[in-house]
Every structure is written in C-alpha cells, then in structure tokens.
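Q: Requesting a structural model of the entry that follows:
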Amino acid sequence: MYELILANFSMHVALDAAETEPIKTKLQHKTIKKSTILLDICRHICFVNKGCLRIFNTDKDGEEHNILFCPENWWAVDIASFSGQTPAFYTIAALEDTEVFYLSYNVLEQLYIEIPKLERFFRIMIQNGFNLYQNRITSNLSKSAEERYMLFQKQYPKLEQRIAQKQIASYLGITPVFLSMIRKRNS
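A: Coordinates of the predicted model:
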C-alpha cells in the first residue's frame, strides 16, 4: 500500500524503518471520486497513489485554466494556501477516481521535528516545483502551441489517453479545436 509514496521519498532522502513507521501511521488515505473538488483552504498536501488530480484557477469570466496535472507519483498542493492556511487561489479536482495519501499542515510540521529528513525532502520537492513553474511560464511566453504540446507529451507520458482533450487544451492555453489540428499535423 505504501510502496509508491515511500519510493517517492527515497528519490531525495533515505528513510530507515524507524523513520518510515511514524510517517505511515500519520499518513491518511482516501479515494476521491472523479470531478470532486478538494479545497477552499488547502489543509492537506496530497500524494497521488493512483489516478490524476488537476490544479487550476478560474478567472472572472468562469473560464478554468489548468496549471498542473498530478498523476501517479506526483504531489498536489496550493502551496501558498497550505503554508499560510489561507483561502486558496487554485482549485484541486480529480480528473478520474483518484487514490491519495495526505498529510495536514499541523501533522507535517510535527513530522518535520520528528524526522528532519522530511523537511529536506519537501524543500527539494518545492524547489523542483518552483523550477517546473518557471519553465512552464517561460514555455508559455516563448514557445509555439505545437512546442508546448510536445513538452506536455514528454512531461506527462500516457496521460493524454486518460484525460479529456479540453483539459489538455486548457493546460496549453489553446482551444480544443486548435489542439485537434496540432494532433492531426503530428500524427
């Protein structure tokens, strides 16, 4: 049950059995039904064990803009809301039935004290996430829609077969019709 999340931790820190046991006892687990929205204030940081979440913002006209997809082995959080326990700017929703492990802010803060390696893990994860966001912004400003689509395929292999075309188009900042045209040119 914990294999994937423990493997994810081991990408950046080596946890021994005395460290993994308290983590396993504090991790909560649930299945989220497709289309369920998860937050108003981001009270948990979620690890996707199975399925896919999306992080998006809704503009003043009600248009949704996908910022990030979180398939298996990814973490999902509105970091500003989680860190400050303030109202969320982003929304997190399930694109398919999704199984997650999650930790509340207070539990994670306590784990940082008990297992200092976790603080290192999440620091590295946040640094990597910040790098991902910077690259995404640069890509959106400097690359063509076709180049962004190719980057999407590289970053999210096989996800394209699992989620709706309108979700991918929203992520790329284009219409579903334009995405269809790009797909036809690349097939």
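
Q: Before we move on, what's the pLDDT of residue 42?
A: We have a pLDDT of 87 for residue 42.

Q: Now whatever helix or strand residue 140 lives in: average pLDDT?
A: Following DSSP states H and E, one finds residue 140 within helix 116-142. Taken as a whole, helix 116-142 carries a mean pLDDT of 95.

Q: Now it: buried residues?
A: 117-118, 121-122, 125, 129, 136 (16 or more other Cβ atoms under 10 Å). (Each C-beta comes from the backbone N, C-alpha and C, glycine too.)

Q: Could you do stretch 17-34 as well?
A: In stretch 17-34, counting by 16+ other Cβ under 10 Å, buried: 19-20, 23, 27, 32.

Q: What is the end-to-end distance of that stretch?
A: 34 Å (Cα to Cα, to the nearest Å).

Q: With stretch 7-18 instead?
A: 16 Å.

Q: Quick one: mark the members of the buried residues of stretch 17-34 that sit in strands.
A: Using DSSP state E, residue 32 are the members of these that sit in strands.

Q: Counting by contacts, list what the helix holding residue 140 packs against.
A: Under the contact criterion of 3 or more Cβ pairs under 8 Å, 6 or more residues apart in numbering; DSSP states H and E, helix 116-142 touches helix 105-114, helix 145-155.

Q: picking that back up, residue 47: which of the buried residues of helix 116-142 is nearest?
A: residue 125 (10.2 Å; Cβ to Cβ).

Q: How many residues are close by the closest residue to that closest one other than its chain neighbours?
A: In space, and not counting its chain neighbours, residue 125 is closest to residue 75: 6.2 Å by Cβ to Cβ, 6 or more residues apart in numbering. Counted by other Cβ atoms under 10 Å, the residues lying close to residue 75 total 21.

Q: sorry, back to before: as a markdown table, the helices and strands packed on helix 116-142 with distance to residue 51 and mean neighbour count would be great.
A: Shown next, in a markdown table, are these (distance: least, Cβ to Cβ, whole Å; neighbours: other Cβ atoms under 10 Å):
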| stretch | distance to residue 51 | mean neighbour count |
| --- | --- | --- |
| helix 105-114 | 22 | 14 |
| helix 145-155 | 18 | 15 |
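
Q: need those helices in a markdown table with distance to residue 66, can you?
A: Converted to a markdown table, the helices and strands packed on helix 116-142 look like this (distance: least, Cβ to Cβ, whole Å):
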| stretch | distance to residue 66 |
| --- | --- |
| helix 105-114 | 25 |
| helix 145-155 | 10 |
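
Q: Of all those, which one is nearest residue 97?
A: Using Cβ to Cβ, the helices and strands packed on helix 116-142 put helix 145-155 closest to residue 97, at 22.6 Å.

Q: I'd say residue 15 and residue 6 touch.
A: Yes: look at residue 15 against residue 6 with Cβ atoms under 8 Å: they come within range, at 7.3 Å.
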